[in-house]
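Enquirer: Fold the following for me, if possible:
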Amino acid sequence: MSTERKPIAGIDYPRTFNEFEIFFMSEALCRNYIEKLRWSDGYTCPQCGSTKTPWKTNRGNLRCQSCDREKSRTADTLFERSKFPLKTWFLAIWFVTSQKNGASALGLQRVLGLGSYQTAWTWLQKLRRAMVRPGRDRLHGNVEVDESLVGGITTGGKRGRGAENKELIVIAVEIHEPKGFGRIRMRRIDDASADSLSGFISEAVEPGATILTDAWKGYSGLEKRGYKHTITNLSDSGDPAHVLMPGVHRVASLLKRVILGTLQGAVSEKYLDYYLDEYTFRFNRRSSLSRGLLFYRLMQHAVAMQPTTYQRIVESHDHNI
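Expert: As a prediction, the model looks like this:
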């Protein structure tokens, strides 16, 4: 069981935009907030391991009392070497987490008054990368798994698991009893083969869970991986797919609305997984009563994330950069 203290509204994070303004009136307060998130149990010098309270330099860095090693509070975070004020970054995170269906780069550019669309787009891509917490818990219990097609043409063309001009994704949804959905996981896959589907399930779902699927052959062999497997033959049931697999079809329907609305249907294959990560981040926190708590969670991820650059984003094909 986790012993981590639950964050307190108004103390650990702002509840409203007015509180946000008070929390982050200066760059010094922004740096202090990052320090509190990164070293909640106290600072440990990466050079000598000293736990003495470090000095604060005039530049806002931390200097070890034992070995004089100096460390920027933004080093090894999403904010490393940014030319923009930290408060502008914090405003971006507040804006992104305050939007129910996500934010667009154009919207972020307008709200923050950024000089270029490229800057806004890069910031959003970085924040989407921060929305996946390393080592996050896998799904458990009863988990529906199915594929869906997103993007591309909306009428005509091929239909089914291999429709052209669309991207194939796989969705896993925790099913609660007697009703309701829990957390989700999603990923773009190249095909609906057993290798692709079972690989996703192994990473997304705890062994011992019950996997609920249709009769597609790509889901065969799950028992060998330590799962219970319940198969529903949709063609023989007489009920529509959205009745027999309500979780996956609900999530897929909502995802497509976001893609068509916020993103205006324009999601490239290269960046699709990151849009799926953003949607997952929001869906899994849909019951949160405070937008400020979402801000806090994304800030936690941002200070634990290794920095990246625009060049790396556009050149890389690795979802884990």
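
Enquirer: How many neighbouring residues does Cys64 have?
Expert: 22 (other CB atoms under 10 Å). Any C-beta I mention is one placed from the backbone N, CA and C, and that applies to glycine too.

Enquirer: Surely it touches Cys45?
Expert: Yes - Cys64 lies in contact with Cys45 (CB atoms under 8 Å); the separation is 4.1 Å.

Enquirer: shared neighbours of these two, anything?
Expert: 54, 71 (CB atoms under 8 Å, 6 or more residues apart in numbering).

Enquirer: in its sheet, what does the helix or strand harbouring Glu144 sit against?
Expert: Glu144 belongs to strand 142-150 when assigned by DSSP states H and E. Strand 142-150 has the following sheet partners, assigned by DSSP bridges: strand 167-175 (antiparallel), strand 210-214 (parallel).

Enquirer: As PDB, could you dump the C-alpha coordinates of the first one?
Expert: Looking back up the chat, that one is strand 167-175. Provided in PDB are the C-alpha atoms of strand 167-175 (Å, rounded to 0.1, in the frame of the first residue of the first chain):
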ATOM      1  CA  GLU A 167      -5.100   4.000 -37.700                       C
ATOM      2  CA  LEU A 168      -5.800   0.900 -35.700                       C
ATOM      3  CA  ILE A 169      -5.700   1.300 -31.900                       C
ATOM      4  CA  VAL A 170      -6.300  -1.200 -29.100                       C
ATOM      5  CA  ILE A 171      -8.300  -0.100 -26.000                       C
ATOM      6  CA  ALA A 172      -8.400  -1.800 -22.600                       C
ATOM      7  CA  VAL A 173     -11.100  -0.700 -20.000                       C
ATOM      8  CA  GLU A 174     -11.600  -1.800 -16.400                       C
ATOM      9  CA  ILE A 175     -15.200  -3.000 -16.000                       C
END
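
Enquirer: quick one: low-confidence parts of this protein?
Expert: 1-4, 152-165, 234-243, 262-267, 317-321 (pLDDT under 70).

Enquirer: Can you tell me the centre-most residue of it?
Expert: Centroid-nearest residue in the chain: Met131, 2.8 Å away (criterion: CA atoms, centre = their mean).

Enquirer: right, and that one touches Tyr279 too?
Expert: No - Met131 lies out of contact with Tyr279 (CB under 8 Å); the separation is 9.3 Å.

Enquirer: Return the helix ranked longest in the chain as PDB; C-alpha atoms alone will do.
Expert: Assignment by DSSP state H gives helix 246-261 as the longest helix of the chain. Extracted in PDB, the C-alpha atoms of helix 246-261 (Å, rounded to 0.1, in the frame of the first residue of the first chain):
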ATOM      1  CA  PRO A 246     -19.800  -1.300 -23.600                       C
ATOM      2  CA  GLY A 247     -16.600   0.000 -22.100                       C
ATOM      3  CA  VAL A 248     -14.400  -0.100 -25.200                       C
ATOM      4  CA  HIS A 249     -17.100   1.300 -27.400                       C
ATOM      5  CA  ARG A 250     -17.900   4.100 -25.000                       C
ATOM      6  CA  VAL A 251     -14.200   5.100 -24.800                       C
ATOM      7  CA  ALA A 252     -13.700   4.800 -28.600                       C
ATOM      8  CA  SER A 253     -16.800   7.000 -29.200                       C
ATOM      9  CA  LEU A 254     -15.600   9.700 -26.800                       C
ATOM     10  CA  LEU A 255     -12.100   9.600 -28.200                       C
ATOM     11  CA  LYS A 256     -13.300  10.200 -31.800                       C
ATOM     12  CA  ARG A 257     -15.400  13.200 -30.600                       C
ATOM     13  CA  VAL A 258     -12.200  14.700 -29.200                       C
ATOM     14  CA  ILE A 259     -10.200  14.100 -32.300                       C
ATOM     15  CA  LEU A 260     -12.900  15.600 -34.500                       C
ATOM     16  CA  GLY A 261     -13.600  18.500 -32.100                       C
END
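
Enquirer: in that helix, what's buried?
Expert: For helix 246-261, the buried set under the neighbour-count rule, 16 or more other CB atoms under 10 Å, comprises 247-252, 255-256, 258-259.

Enquirer: Ok, stretch 28-45 next?
Expert: 30-35, 37-38, 43, 45.

Enquirer: can you check stretch 122-141 too?
Expert: 122-132, 138-139.

Enquirer: how far does it stretch from start to finish?
Expert: In stretch 122-141, first residue to last residue: 37 Å (CA to CA, to the nearest Å).

Enquirer: change the start of the numbering to 8 and stick with it
Expert: OK, 8 is where the count begins now, so the last one is stretch 129-148.

Enquirer: Run the chain-centre distance for that stretch.
Expert: 3 Å (CA atoms, centre = their mean, to the nearest Å).
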